[in-house]
Each structure stands twice: as structure tokens, then as C-alpha cells.
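In: Have a look at this prediction, sequence included:
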Amino acid sequence: MPDQVLYAMEAGLNGLMAGVMYALVALGFVLIFKASGIFNYAQGVLALFAALTLVGFQDGQIPFAHLINAIFGTELHNFGWTLPAFVAIVLAAAVMVLLAMVIERYVLKHLVNQPPIILFMATIGMAYFLEGLGDIMWGADIKKLDVGIPQGINDTIESVTDSLLGYGFFIDNLDIVASVVAALLVISLTLFSQYSKQGRALRAVADDHQAALSVGISLRFIWVLVWSIAGFVALVAGIMWGSKSGVQFSLSLIALKALPVLMLGGFTSIPGAIVGGLIIGMGEKLFEFFVGPMIGGATENWFAYVLALLFLVFRPQGLFGERIIERV
Amino acid sequence: MNKTLTALALVLATATPALADLVVPSLSYRTGPYAPNGIPYADGFADYFTMLNERDGGIGGEIVQVPECETAYNTEKGVECYESTKGSGALVYNPLSTGITYQLIPKVTADGITLYTPGYGRTSAANGKVFANVFNYPANYWDGASIIIKDILGHEGGSLEGKKIALVYHNSAYGKEPIRTLQELAKKDGFELIEIPVDHPGQEQKSQWLQIRRDKPDYVIMYGWGVMNAVAIQEAVNIKYPMDHFYGIWWSGSENDVTPAGEGANGYKSISFHGTGSDYPVYADLKKYVYDAGKAAGDGTNPGNVLYSRGMYAAMIISEAIRTAQAATGHAAVNAAEVRDGFESLDLTEARLTELGLPGFAQPIKATCADHGGPGTAMIFQWDAAAKKWNAASDWISADADVIDPLIAEDSAAFAAENKIAERCN
């Protein structure tokens, strides 16, 4: 097989893997939009906040230490213990549930029946607030995140492809783990929404708020539930991306990678987020491989949006989105 | 009414620096994606001036005010910060951003204020004949590229014929700076240059590192900033690229960049135009007058690290330029024009660095009307992941002036022609 074909195959495979990472972020957007019609601008910051909290627990960092030291002149930094990754993940997930309750109690509750743009603006405010809160709680320094996920080239895939094709493919172990986690997440979310009482209530709210309220479904409970799930998904995305680059404030910018995925896959479909992620990931990597060198490279950021726009021309609601026709 | 006006006057009097104070605004970034790099730099900058104020009563008896203005590494905010602080009697700006620097060059020139951009900004500002108010000593981006190539030449027995060198760069004005220099050096030294851009913020670089894996360059040079650095180093570890063949410019060589990759980053190289670590005598005074006195700018975790040291270096140079201006004019309350002259006649010797408690921390500088770029020297440092510290891996290396000087002359001449600037210093 010619080298160029092998290289393209490798780029395409890595694109699929990158797409899974994008989809992990997009999933959080979809969950909240599906249940409440809110485009959650703060989803990227939720991932950052979750990852900061996780590392903070793992390292035994004292929250608000900098603030406490500045006010009281103390020298507090750490509790002096570290937590196993699993315990820290459970605690961080609990914090995300608590955060969901706070968001519902102090933000969303007061905005019931407001136009979507108001809710969107509220999430912009939340994004800035949470970013500042994360900074004050855990500090702005870059933190290493290690929850035991292997990283680096998968030697088995490299040696197998080398013996079969004469060229060893590069696939990152972290990406393989991310793919498995994403698959489990999608299966769990699908089972939850299809077969659990709360899941059915969530779908009912998504279909029609008023009708759901009329049959006794608590809108407030559903909002807490959906923001908790989105917070957990943000934690998973934060773990995957944070393992790669360390936990730092630019982690919130991963939301930029999710937008074209949402445009392509649709804002209301969980499988759409996955398929959208895969198409965007593979499309941008193959475009960079074939066309990038001719036009100076660094095409991925903009090409993802071009690809999403191309799909929108033919399916404005996205590949899996609901077609909404409003009649006057 | 009178009471209100008096109260207002009192508030204004306490909110703005006293007229006699020396004002050095700090255009810092403690928020946003680049905050992890902006914070230690701003802390080092502020702590050095706090030490001078507490220990010596300022510079020449004049207290130095360092009002901070948050730019979030955003060019528009940086310009707003400049406009909002210049009226307070600002003497010099150091915005730690090439984008902000480009926007401020015409403004400071018109306002007669100094712009000091050590190791960043517009490289050709090293030519004082054209850029009267901008100083970028001791080294610039092009010097950095040349110094890295010189070090590689040393490891390759003096010849790079047939070698491949990849440049992984931030796809911005900053990241593109070394391309022209490296192209010239590639012609001169016979290596093949592979240019690989990475878009902001650089969170995802799989394509770039797959290309490196395929092309197998003998060396990789990185001009990155922020998260791009950490991701690039992790991706290099992932593809098992030899770390001692991977060089970063000084903006790709802080603890922030190597820590996330853990042990894998061991052996990564970076260059720096100043020393690092807290073993210098000046730290005894910083501890006594700043840290222990509860007057430190940060949370106490940054002193001695690379970016803290760089912020401190910038503060030290600015304070020495102010001191030079005071000595030349005979008065302590120097103005912006006099400080600019101080920058232009700065003579920082090894003996003076020792007096300052920074022996061997940096190279001496002797500025002139034409030379605003300094010696163009730097050292190679190598990351020791186990000890979590940078170790010097070379002596001071000078840039290849035969290549750099004509490029600076060419670029500054184009700027002068475009802006109708008559050359000075003739």
C-alpha cells in the first residue's frame, strides 16, 4: 500500500479519536438544550471547574487558601493528605450535583418563562462567575491531572499495523480510553432516558414544559437532574482533556471544539453529538493532511466550522436535530 | 457642595499616585487562558519594586508606584489599559504581549513614553535609529532562533547538512517571527526547515505531531505560549520524540509547560536570557522586605520559577534605567523623556548585577542610540523532571549577528519608510 494511503488512514483514525473527545464536550450542551432549550455557554467552564475540583481533592488542596491567607495572614496550602483518584472523582461529581442545585435555586428558578435569550445570557454570566470562583477556590496555576489513564502510543496497534501494512499506526492510549468511556456514557444516558422514570420525565419536559407540569412532573427537579448529569459529563470531559494538557484555564476553550459538532449533529440528539464529533474529527484531520500543506497548515479550527456549515446548507436542523416548523 | 468637592479631591488624591512618585504601570494578565503565565511574571515584576520601596525607599528616594491593569492577554484591553494609565505620569510600559506591543509602538512614540519588551514584541525594534521609544534588550525572537541553531550545531559537530529541523509555532504574529531567520539559517547551514503552525489555543495538536512522526525531523523548535506548550510536550512524549532534541524559545520553557507531562518531559530544552531559581542573594532581601512582611504580590508559590524570574528581570532593568536617568539629570523625580534617555544610555555591568544581588543572573548590557537590542545572548536550560528544576545546559551563547543584523535593518527600514520616520543617531 502506498505510504500516502497509510498516512491518510492513520490521520483519519486519529481524527475519529479526536472526534470522540469533541463529542464528550458536545454531550453536555445537548443534554441541557434537550431538556430546557438553554444553550449553555458555561459548559466549557463547567468542565474546567470540575477538573479543578477533582485535582484539588486529589492533591488535598485547601479551597480558597489564597483568599484565607490574604485575609488572615496564614500560610495554608494543603491539608497534608492526598486522595485516591476514584474517591476524588466521586467527591468532584458530588460537587457538580451541588453546583447544579445552586444554579437551579439561584439562577434558573428566577428565570422560568423568560425568553431563551435571557437564559442564554444567564449562562454567559455563570461562565464568568464560575471561572472566577474556580480561580479563587483552587488557584490559577497549571495542575497535573493523573487519574491513572494511560497515555502515549499504543504499542500493540503499532506493532500489529506494522507487521500487516509495513507502517505502525499511532493511536494514543488516552484516546482509546476516551472512546470506551464515551461509548459507555452514551449507552448509559440512552438507557436512562428510555427506561427510567426520571429519564421519561426528562423527555416529557423536553417535549413540552406545560404538559409535563400538568401531569405533576417537577420542573425544578428535572432541571437539577439535567444540570447534574451535564456536570458529570463535564467532569468526564475535564478528566480526558485535563489529562492531556494539565488542568489550566484554557480548558474552558474546549467548548469551541464542540460548537461545530453541535451544528452538525444537532442540538437535541445524543447520538448526533457522537456522530457529529466523528465526522468533524475525521474531516478536519483528513483536510489538514491532504490540503493543509498546500495552504500553510493550521486548517483544523476553521475547517470544522466550514464542514458544519456545509451540512447546515442541506439540513439546517443538523443531522439528527428535530425539524421545528413554527406556524403563525 | 464645597464638602463634596473636597471629598472628591481627597478620593482622587488617594486613588492616583502622588505626582512626585515614579509610575510604572503593570499591564498584567491574572485572568483568562494565559493567566498561569501572566501571574508569576506580574508577581516577580511587582515584588522587585516592592523590595526597592521597602528597603531603599524607592529609587533615588522616590517611591515607585506599580498600578496593575488587567489585559487578559487581549490586545484591545491592553490598549485600553495604556490609555487609562498613561495620564498618571507613566514612565514605561512592559505589556508582556507581542500583540499589545504592536499596537502600542505608534502610541508610545507619539506620547514620548518608553515601551520595554525584553524577549518579545517587534524584533526590529532593536534598531534604535528607527524605534526611538522601544527597547527589547537583552535578546529578541530572532536571536533566540539563531542561538538554538548554534547549540544544535554544537551537538552535530558544526554541520547541519542534510538535517531536518521542524518549527512548531503559535499561528500568530509572535509565532511567525522566527520563520524568516530560520529560512536564512537553513540556507546558510544547509538544513531543511519544516514549518508547522498550531492555531490558538493549541489544545488539539494531533495532526501536527503525526506529521512530525512521519517526517522524522532531527530537531524540533517550538515557539508557543500558554496551553500550546504543555500539549506539544505531551504529544512529543506520546510519539516518543527524543526530548533532548526538542527546544523551546524562552516563552516555551517555564515550569507550567513541562509539569503536566510529568516524567516524560525530562530532558526537554529551552533557552533563557536570565537565570532561574532562588539562589541569588537578592532573594534574601525579597524574603525580608517582601515575603515575610506580607507584602508579596502572589501566594508565595512562584518565587524562583522561570516566569517570576523574568518579571523580576524586567523590573530590575526598568529600575536601572530610571537610576541612570536620575544620575544623568541630577534629580530623582524623572519624567518619561528622561527615562527614555536612561534606557538609551543604560550600562549594566557584571559588577552592577553583583551589587544588585544578581551575580551571573544575566549578561551585561550597554545600550546606545542605535542599539536597543542588547547583546543577543541566552543560555540553554534542560528540564530535570525528577528534581523538578531547570539546569543550565550551556554557557551563554551569542546570536549569529551576520544573519540577524541585516534582517533587522531590512525590517526596520521598511517600517521607517511606511511610517515616514527619519533615521536618528547619524
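Out: It's in. Given the structure is predicted, the values throughout are model-derived calculations rather than measurements.

In: Residue B:173: neighbouring residues, count only.
Out: For residue B:173, the neighbour count with other CB atoms under 10 Å in any protein chain shown is 13. Just so you know, the C-beta spots here come from the backbone N, C-alpha and C atoms, and that holds for glycine as well.

In: cool, and residue B:158?
Out: Residue B:158 has 8 nearby residues by other CB under 10 Å.

In: Repeat that for the one 4 residues further on.
Out: Taking other CB under 10 Å as the neighbour definition, residue B:162 ends up with a count of 9.

In: Kindly report the same for residue A:131.
Out: 23.

In: That one reaches residue A:48, doesn't it?
Out: Yes. Between residue A:131 and residue A:48 a contact is recorded at 7.1 Å, counting by CB atoms under 8 Å.

In: which residues are common contacts for the two?
Out: Counting by CB atoms under 8 Å, 6 or more residues apart in numbering or on different chains, the shared contacts of residue A:131 and residue A:48 are A:249, A:252.

In: Which segments of chain B make up each domain?
Out: Annotated domains of chain B cover B:2-139+B:276-375+B:407-418, B:141-272 [automatic domain parsing].

In: In TSV: these, plus mean pLDDT and distance to residue B:385.
Out: TSV is the format used below for the domains of chain B (pLDDT from 0 to 100; distance: least, CB to CB, whole Å):
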stretch	mean pLDDT	distance to residue B:385
domain B:2-139+B:276-375+B:407-418	93	15
domain B:141-272	95	4
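
In: Packed most tightly, which of the ones you listed would that be?
Out: domain B:141-272 (a mean of 22; mean count of other CB atoms under 10 Å in any protein chain shown).

In: For residue 309, which non-adjacent residue is spatially closest?
Out: Just so you know, I chose chain A. residue A:263 (7.3 Å; CB to CB, 6 or more residues apart in numbering or on different chains).

In: not what I meant, chain B
Out: residue B:276 is the one closest to residue B:309 (CB to CB, 6+ apart), at 5.0 Å.

In: quick one: that neighbour and residue B:304 touch, right?
Out: Yes. In this structure, residue B:276 is within contact of residue B:304 by CB under 8 Å, at 7.0 Å.

In: secondary structure element for residue A:128?
Out: If you go by DSSP states H and E, residue A:128 is part of helix A:116-138.

In: Any idea how far that helix is from the middle of the chain?
Out: Mean-position distance between helix A:116-138 and its chain equals 16 Å (CA atoms, centre = their mean, to the nearest Å).

In: what comes into contact with it?
Out: Residues outside helix A:116-138 that contact it (CB under 8 Å, 6+ apart): A:36-42, A:44-46, A:48-49, A:52-53, A:55-56, A:61, A:63-64, A:66-67, A:103, A:107-108, A:111, A:249, A:252, B:31, B:35.

In: Report the buried members of these.
Out: Buried subset of the contacts of helix A:116-138 (neighbour count, 16 or more other CB atoms under 10 Å in any protein chain shown): A:36, A:38-42, A:44-46, A:48-49, A:52-53, A:55-56, A:61, A:63-64, A:66, A:103, A:107-108, A:249, A:252, B:31, B:35.

In: Spatially, and excluding backbone neighbours, which residue is closest to residue B:189.
Out: residue B:160 (4.4 Å).

In: for the one you found, what are its contacts?
Out: B:149, B:152-153, B:189-191.

In: Check residue A:11 too.
Out: Per CB under 8 Å, 6+ apart, neighbours of residue A:11: A:285-286, A:288-289, B:207, B:210.

In: so residue A:276 sits in a helix?
Out: Yes. Per DSSP: H, G, I helix; E, B strand; the rest coil, residue A:276 lies within a helix segment.

In: mind listing what it touches?
Out: A:23, A:26, A:260-266, A:308, A:318-320.

In: 7 Å instead?
Out: Going by CB atoms under 7 Å, 6 or more residues apart in numbering or on different chains, residue A:276 touches A:23, A:26, A:261-262, A:264-265, A:319.

In: Quick check: closest non-adjacent residue to whichever residue of chain A sits closest to chain B.
Out: Taking CB to the nearest CB, chain B has its nearest neighbour within chain A at residue A:246, 2.9 Å off. Among residues not flanking residue A:246 along the chain, residue B:260 sits closest, at 2.9 Å (CB to CB, 6+ apart).

In: From residue A:182, how far out is residue B:234?
Out: 20 Å (CB to CB, to the nearest Å).

In: on that earlier part again, now tabulate the contacts of residue A:11 in a markdown table and tack on secondary structure.
Out: Below are the contacts of residue A:11 laid out as a markdown table (three-state DSSP):
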| residue | secondary structure |
| --- | --- |
| A:285 | helix |
| A:286 | helix |
| A:288 | helix |
| A:289 | helix |
| B:207 | helix |
| B:210 | helix |
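
In: ok, which pair from these is furthest apart?
Out: Within the contacts of residue A:11, A:286 and B:210 form the most distant pair, 11.6 Å apart (CB to CB).

In: which phi and psi does the spatially closest residue to residue B:396 that is not a sequence neighbour have?
Out: Of all residues not flanking residue B:396 in the chain, residue B:377 sits nearest, at 4.7 Å (CB to CB, 6+ apart). Phi and psi for residue B:377, reported as degrees, to the nearest 10, are phi -120, psi 150.

In: Any idea how many residues pack against residue B:377?
Out: With other CB under 10 Å as criterion, residue B:377 counts 20.

In: Take the contacts of helix A:116-138 and keep only those in helices.
Out: With helices taken from DSSP state H, the overlap with the contacts of helix A:116-138 comprises A:36, A:44-46, A:48-49, A:52-53, A:55-56, A:66-67, A:103, B:35.

In: JSON lines for the residues you listed, including distance to residue A:301?
Out: Below are those laid out as JSON lines (distance: CB to CB, whole Å):
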{"residue": "A:36", "distance to residue A:301": "29"}
{"residue": "A:44", "distance to residue A:301": "15"}
{"residue": "A:45", "distance to residue A:301": "20"}
{"residue": "A:46", "distance to residue A:301": "22"}
{"residue": "A:48", "distance to residue A:301": "19"}
{"residue": "A:49", "distance to residue A:301": "24"}
{"residue": "A:52", "distance to residue A:301": "25"}
{"residue": "A:53", "distance to residue A:301": "29"}
{"residue": "A:55", "distance to residue A:301": "27"}
{"residue": "A:56", "distance to residue A:301": "31"}
{"residue": "A:66", "distance to residue A:301": "34"}
{"residue": "A:67", "distance to residue A:301": "36"}
{"residue": "A:103", "distance to residue A:301": "30"}
{"residue": "B:35", "distance to residue A:301": "22"}
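
In: Fine by me, thanks again.
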